[in-house]
Each structure stands twice: as C-alpha cells, then as structure tokens.
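Trainee: Quick one, what's the 3D model for this:
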Amino acid sequence: TIWAGGIDPDKDIETIVVPPAQMVANMKVGTMDCFCVCEPWNEQLITQGIGYTALTTGELWKDHPEKALGMRASWVDKYPNAAKALLAAVMEAQQWCDKPENRDELAGIVAKRQWINVPATDVVKRMKGEFDYGDGRKVMNSPHIMKYWADNASYPYKSHDLWFLTEDIRWGKFDPQTDTKALIDKVNREDIWREVAKGMGVTAPASTSRGTETFFDGKVFDPADPAAYLNSLGIKKVA
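Mentor: From the prediction side, this is the model:
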C-alpha cells in the first residue's frame, strides 16, 4: 500500500473520461489535474508549458500490453479469410513500425490531419526512445520505448487477459466466482494469430502465458495463482 501511494481510487480521487485530443485543453482550464494517455498529448502538455510527465506507463509495468485488435466474433465466423487477412496486415505493419529506420516516416504518417493532426515533432522523439519529462529529466534510449513487434508485443497472451479480469474482480466489477478461463478462451483467438503467423513464417511464442508480471510497487502477478495476487493487495473491494 505504501509503495502504491495508499490511494483508494473509489474514495480519494475522481476519475473522468476525456477524449485524448481534448486532454491538454482540459488541463489548461483546470478541469483535471492529471491524465494518463498515449502520445503526443504528453509532449504537447510539456511544449505548451502546462505540465510535465510524472512517469511513463512502462515504469508502472514494464512491457505492458497496450492496444488490442478486436473483431466481432460473428463477423470472424462469417468471413474467416477476411479476418485472417486483416490480422496479417496488422502484423506486417507492426513489424515495419518496429524498425528504428522507419520511425521518422511512421511519425509523419500518424501525425497527418486524418489521424492525430499534430506536428510530427510531437510524436517522433518518444517513438525513438527519447524522453523529455518536462521537469529537467531527459532520457535517451529509454528501455520503455514503444514496441510494436519486439519481445512478442503482438501476441495475445491469455495471461494478460487474466490480469485484466483479476483487476475487474478486485474492484467489484466481476463476481469472484467468474470462470475466467472459460471467458478468456471464448474471446481470445490466439489460434488465429498462430495460424496467420505460420503463414507468414513467423515463430509464435511457446506458451500462451508470458509468466509472472512485476509492477512498480513490487507486487507480482502469477497467472498460475491470481488469488495470491489479489490477497497481496491492500486496497480492493473484493474480500
């Protein structure tokens, strides 16, 4: 509890949902005191002199999962080849994005008006692992650089699904007796990922689990024993 700050998110703070593109403006007028968001809004907060980066999410949980590709199950069942082609396109793009020599071009693409609509300079530095926290701290070659393909970043680990469900149980969103394995097996289609990977000549991870995960406060989540993780947490709704 001490390492996590001793904060009860249901009692000590108020959380609101704001579209990422509106976060800097909301900080500027005082609607909120802080935010958690991807780039380029952290960089814009700094360049506009409004705030600073306290820490990156990689410092909370190294190599944590980020975005997910989801498709409606009925659509996948009806158009299996299209679903595989879409996944293959995403996987190919991930491999391209992960190459350092492509980061400048990548920043230029996502910065365009139809996407993020910001100067590419607000995006590219952190894509390259150059972190200016805005409070005097500057890090080059950060170990928390965004990964798109390296270290199996593309793989849909079921162990990560289990962590999210365990957190849902922690905060009373799901019943503690929820059959998490059945739920994960229903929605996680790692079988499609592996099939597409095979066709692309890509080697899939040996396990469906990434193993234990260690967080910034020293807490450890072992997917083989999620109950132990829950029991180790000082602040939670579940008994």
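
Trainee: can you pull the pLDDT of the most far-flung residue of the chain relative to its centre?
Mentor: The outermost residue of the chain, judged against the average C-alpha position, is K78 (29.2 Å), by CA atoms, centre = their mean. Here, the pLDDT recorded for K78 equals 98.

Trainee: change the start of the numbering to 458 and stick with it
Mentor: Got it, first residue is 458 now, which makes that one K535.

Trainee: Phi, psi for it please.
Mentor: Main-chain torsions, K535, degrees, to the nearest 10: phi -80, psi -40.

Trainee: Quick one: neighbours of A564, just the number.
Mentor: Around A564 there are 23 other residues, counting by other CB atoms under 10 Å. Placement of C-beta: from N, CA and C, glycine included.

Trainee: ah, wrong one, I meant F621
Mentor: A total of 12 residues lie near F621 under the criterion other CB under 10 Å.

Trainee: which residues touch the most centrally placed residue in the chain?
Mentor: The chain has E523 as the residue nearest its centroid, 1.8 Å off, counting by CA atoms, centre = their mean. Contacts for E523 were tallied using CB atoms under 8 Å, 6 or more residues apart in numbering; they are 495, 603.

Trainee: What's the separation between it and S611?
Mentor: From E523 across to S611, the span is 11 Å (CB to CB, to the nearest Å).

Trainee: cool, and E558?
Mentor: Distance from E558 to S611, counting by CB to CB: 19 Å.

Trainee: who's more crowded, the two?
Mentor: S611 (22 against 6).

Trainee: F492 is in contact with M484, correct?
Mentor: Yes. Using CB atoms under 8 Å, M484 is in contact with F492, at 6.6 Å.

Trainee: more neighbours, those two?
Mentor: Using other CB under 10 Å as the criterion, M484 and F492 rank with M484 on top: 20 against 17.

Trainee: Can you name the residues in contact with the longest helix seen in the chain?
Mentor: Longest helix in the chain by number of residues, with DSSP state H as the criterion: helix 537-555. Helix 537-555 is contacted by residues 526, 528, 532-533, 559, 563, 604-607, 610-611, 649-650, 652-654, 656-657, 659 when judged by CB under 8 Å, 6+ apart.

Trainee: Much appreciated, bye for now.
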